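> pasting the sequence and the predicted coordinates here, then a few questions.
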Amino acid sequence: MKAALYRGTGPSSVLSVEEISTPEPGPGQVRVKVFFSGVNPTDWKSRSGATGAHPSASRYLTTTGPGS
């Protein structure tokens, strides 16, 4: 599957779309295929460094769907 991720804070150029392994759902979970996803304010604030948090590993942009 493809995922938008960032490994450090900065402008939008720190974002990359990469192929990652598809996670398997655990007990009581389901996998949902997402065709489109918006960017949450938390995503751009974290990526830009506005929250003061510095990612130490790969970070994925979040997706909020119905029922979240």
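Thanks, I have it.
> where does the prediction get shaky in the chain?
52-68 (pLDDT under 70).
> and the helices in it, which stretches?
With DSSP state H as the criterion, the chain has helices at 41-48.
> how about residue 3: what's its closest non-neighbour residue?
residue 20 (4.9 Å; C-beta to C-beta, 6 or more residues apart in numbering). Every residue, glycine included, has its C-beta placed from N, CA and C.
> which residues are in contact with that neighbour?
1, 2, 3 (C-beta atoms under 8 Å, 6 or more residues apart in numbering).
> state the number of residues packed around residue 17.
8 (other C-beta atoms under 10 Å).
> before we move on, back to that, can you put the contacts of residue 20 in a markdown table and add neighbour count?
Shown next, in a markdown table, are the contacts of residue 20 (neighbours: other C-beta atoms under 10 Å):
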| residue | neighbour count |
| --- | --- |
| 1 | 11 |
| 2 | 8 |
| 3 | 15 |
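> hmm, back to that, next, work out how far apart the residue nearest to residue 3 and residue 10 are.
From residue 20 over to residue 10 the distance is 21 Å, taken as C-beta to C-beta, to the nearest Å.
> count of residues packed around residue 10?
Neighbours of residue 10 (other C-beta under 10 Å): 12.
> pretty sure it is touching residue 49, no?
Yes: under the criterion of C-beta atoms under 8 Å, residue 10 makes contact with residue 49 at 7.0 Å.
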